[in-house]
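> Output the structure for:
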Amino acid sequence: MGLQKTLFKPGVNREGTDYSNEGGWFDINLVRFRKGLPEKFGGWAKENINTFLGTCRALHSWVALEGTKYLGLGTTFKYYIEEGSSFNDITPIRSTTSAGDVTFAKVGTGDATITVADTAHGAVANDFVTFSGAVSLGGNITATVLNQEYQIATIVNTNSYTIEAKDTSGDPVLAAAGDSGNGGSSTVGTYQINVGLDVYVPGTGWGVNGWGEGTFGSVTALSVTNQLRLWTHDNFGENLIMNVRGGGIYQWTENNGVTTRAVDMSGISGANLVPTVGLQVITSEIDRHLIVLGADPINDAGSARTGAVDPMLIAFSDQENNLDFEPTITNTAGSLRLSSGSSIIGAVKSRQEVLVWTDTALYSMQFVGPPFTFSVNLINEGTGLVGPKAATTATSAVYWMGYNNFYAYNGSVQTLPCSVHNYVFNDINLTQSFKINAFTIADKNEVGWFYCSASSNEIDRYVIYNYAEQTWVYGQLSRTAWLDAGIENYPRAVSSGYLYQQELGFDDDGSPMTNVFIESSDFDIGDGEQFTFIRRIIPDFKFIQNDNENGSVNIVVKTRNFPGDSLTTNSTSAIQASTQQAYVRGRARQMVLRFESDDDAENNGNLGIGWRLGATRIDIRTDGRR
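Numbers count the residues shown, from 1 in each chain. Prediction:
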C-alpha cells in the first residue's frame, strides 16, 4: 500500500469507543488545537518569587488613573493587592481590643506554645491577630517576640486560644523558666476578619468544622467561617469593592495606598443602609451602580439592615454613590428579589446587562432608569450555574458550566455540543463544585473550566472549548484562579501560593513540561479484514522556539487485533527537527499513534521545546489474513 497520509480530525472525542472514533483523537494532555492541528500548550513561569498565604480563588486587575497597575488576590486567609512584585496585605480588621484586654501565659518551659486570654475573642483557628503594647514575659518571650502578627494555632474556648511564639524571621522561640509574666497591662489585640475553609461543605453537622470540633451526631450551622472561602471583587472608580461570600462587604480606597487596609463599607462615614453581608458584589458599568447579590434586607422599620443573607435578594446603590443604598424618591437605589430557584449562585457582566444565575435559572438584569432603575427578565430555567466562579464572558458569548452540561448565551441560551461530556461529568467531584473556575484565553479563542476530578477535593483537571473551531480538549493542571491577558501581556494564574504568568514559552517554570501527549483513536485498513504491517513513519513536526539542539518528541506506535484487546506498544521513536524518517515494526488489525513529550531524553529533551503536528505519513503494507 506504500505511504499513507494520516491527518486526524481536530478535537478530542470521548463519546464513543476507541474504534468508533476512527480518524479522530481519543486522549490528550497539555495539547490544544489551532487551525485544526494539535500543538503543545504554552508554558508558565512564576511572576515573582514572593508567596502569599492561603489558597487564592479570585483574581482581579485594574489600572488607577495615574497608570498604576493593581492585582487583587482573595485567599482563604487574606486579601492582597499586588503592586510591582509585592503582595500587600489589605485584609480588613474585625475588631481591636482595649489596652490590657489581652494577656499571655506560657504552656511550659521549653515549649513555644503560648496561651492568649481575651474574653469573647470571636476568633477561629488560623485567624490572624497582631499584638502591640506587650512587654516581655521575663525570659525568651520578649516584647519583640510578642508584638507582631500571629496566626492562631488552636481555639481553647471562647475566651482563650494558643499561638506558637516565633522570632521576626518566623523561627520558633521556646519559653524559658523565667517567662512567668503575662505581657503587661497595655497589650492590644488587632484581629483580622475570620478566615474561611479550603473545602466546600455541602451541609451541616459533625464534620463541618475541623477534626475533633463537636461530637458525632451534633449539628453546627454553616457560616462564613466554616465554609469554603470565596471572594468577589470589582472596581467602583479607582477603589476596590470586595465581598466574602456570605460575609461582609469592604472597600479599599486607592488614594490611601497599599499600606492601608480595606474597611467595612457599612462603617464608612456617609454610609446609608449599605448591606452588611452578601453573596457577591458587582458594578454595573454603564450606569455606575454597586450591586450586592444575596444582600441582607432592610428591616421593617427601615432603619437598618438585618444582618442575615437573603439568598434571592439583589440590592443596588444610588447611581454614582456606592455608599447610599436607601431607596428614596430622589435617588435610584433599591432592591428586587428573584423567584426561580433557592439561591443566587453567581453573576457576570455582559454587553449592557448583568447575567445572574440561581441554582436553577438564568436572569438578565438591565438598567432601565427611574423609577424602576433595573429590570430583571427570566431568560431560561433549568440552566443553573454549578458554582459561583463557573461562568465567564468571552468575545463570542457568555459561557458557563451547569450541573450536567455546558452552555453559551448570546441573546439566547444554547447547550454546547460536547465531545468529552461523559469524560468530564462522569469523573467530576460535584461536592466541590464551588471550586470550579471558568477562564478564557482570548487570543486562542478558548474558554475553559478548572475542576476537581471524582477522586480529588482540589482542582486537578481542566476542560477547554475552542469556540472558533468548536473543538474540545482536556487535561491535568491545577490552577485555582485565572485571569486572562489584558492589562498584562500574558494570562495570570495561581497555584500553591505562587502567581504565574501563563502561555509564556513552553516550560514548567524553567523545567521541562512533562506528560504532554495526544493519542489517536484506533484506525485500520479495510475495516480490519486484513492484518497490516507498519514499516516506517515520516514525521511532520514543526518545532517552535527550539533552543535545544537535543529537543525531541516521541512517536509511539500501539497495536491490537480486536477492540476488546489491550493495546501493545510496538515502538517508540524519538523525533528531532532533523529527523527524516523513523523505522518501526508493528503488525495488527488496529493501530494507534501517540505523539508525546520525550520525558526520558537526556539533556532535558523537552526544555524550551514547542511543537505543532502536521500530516504524518505511515508506510503500511498488507500482511495477509488470519
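> outside of the helix or strand hosting residue 558, which residues touch it?
Per DSSP states H and E: residue 558 is located in strand 553-560. Residues outside strand 553-560 that contact it (CB atoms under 8 Å, 6 or more residues apart in numbering): 522, 534, 537, 539, 541, 566-575, 582, 584, 586-598, 609, 611, 616. Glycine gets a C-beta too; all of them are placed from N, C-alpha and C.
> quick one: strands adjacent to it?
Within its sheet, strand 553-560 is paired with strand 568-575 (antiparallel), strand 590-597 (antiparallel), according to DSSP bridges.
> So for residue 385, which of these sits nearest?
Residue 385 lies closest, by CB to CB, to one member of the strands paired with strand 553-560: strand 590-597, at 35.7 Å.
> mind checking how far the closest one is from the chain centre?
32 Å (CA atoms, centre = their mean, to the nearest Å).
> buried stuff in stretch 61-72?
61, 62, 70, 71, 72 (16 or more other CB atoms under 10 Å).
> Now do the contacts for residue 596.
515, 516, 517, 518, 553, 554, 556.
> ok, residue 399 to residue 408 distance?
Distance, residue 399 to residue 408, using CB to CB, to the nearest Å: 5 Å.
> I meant to write residue 415 there.
8 Å.
> If you count surrounding residues, which of the two has more?
residue 408 (18 against 11; other CB atoms under 10 Å).
> Wasn't that one part of a helix?
No. Residue 408 sits outside any helix when classified using DSSP: H, G, I helix; E, B strand; the rest coil, being strand.
> Just give me the neighbour total for the nearest residue in space to it that is not next to it in sequence.
Counting by CB to CB, 6 or more residues apart in numbering, residue 408 lies nearest to residue 397, which is 4.4 Å off, once chain neighbours are set aside. Residues near residue 397, counting by other CB under 10 Å, number 19.
> Equivalent analysis for residue 130, please.
Count around residue 130 with other CB under 10 Å applied: 15.
> quick one: it and residue 93, what's the gap?
9 Å.
> Contact partners for the residue lying closest to residue 21 once chain neighbours are set aside?
By the measure of CB to CB, 6+ apart, the closest residue to residue 21 outside its immediate chain neighbours is residue 521, 3.9 Å from it. Residues counted as contacts of residue 521 (CB under 8 Å, 6+ apart) are 8, 13, 18, 19, 20, 21, 22, 23, 24, 25, 26, 592.
> So for the last one, what pLDDT did the model give?
Just to be clear, that refers to residue 592. pLDDT for residue 592: 89.
> What of the first one?
Turning to residue 8, the model gives it a pLDDT of 91.
> close enough to count as contact, it and residue 24?
Yes. Counting by CB atoms under 8 Å, residue 8 does reach residue 24; the two are 5.7 Å apart.
> out of those two, which sits in the busier spot?
For residue 8 versus residue 24, neighbours defined as other CB under 10 Å are more numerous around residue 8 (22 against 19).
> so who does that one touch?
Here residue 8 is in contact with 23, 24, 25, 520, 521 (CB under 8 Å, 6+ apart).
> quick one: which of the residues you listed is nearest to residue 490?
Out of the contacts of residue 8, the member with the shortest distance to residue 490 (by CB to CB) is residue 25, at 27.2 Å.
> Chain neighbours aside, what residue packs nearest to the closest one?
That would be residue 12: by CB to CB, 6+ apart, it lies 4.9 Å from residue 25.
> for the one you found, phi and psi?
Backbone geometry at residue 12, expressed as degrees, to the nearest 10, gives phi -100, psi 140.
> Now do the contacts for it.
Counted by CB under 8 Å, 6+ apart, residue 12 has contacts 24, 25, 26, 27, 28, 419, 420, 471, 472, 473, 474.
> Secondary structure class of residue 443, three-state.
Quick answer, by three-state DSSP: residue 443 is helix.
> just checking, it touches residue 489?
No. Using CB under 8 Å, residue 443 is not in contact with residue 489; the gap is 10.2 Å.
> mind listing the strands in the stretch 301-450 of the chain by residue range?
Assigned by DSSP state E, counting those that start in this stretch, the stretch 301-450 of the chain shows strands spanning 313-316, 334-337, 344-350, 353-358, 361-369, 373-381, 391-393, 398-401, 406-409, 413-415, 437-441, 446-451.
> Residue 104: which of those strands is closest?
Of all the strands of the stretch 301-450 of the chain, strand 437-441 comes closest under CB to CB, at 41.2 Å.
> Tell me which strands that closest one pairs with, and in which orientation.
Strand pairing for strand 437-441, determined by DSSP bridges: strand 446-451 (antiparallel).
> Good, we can wrap up now.
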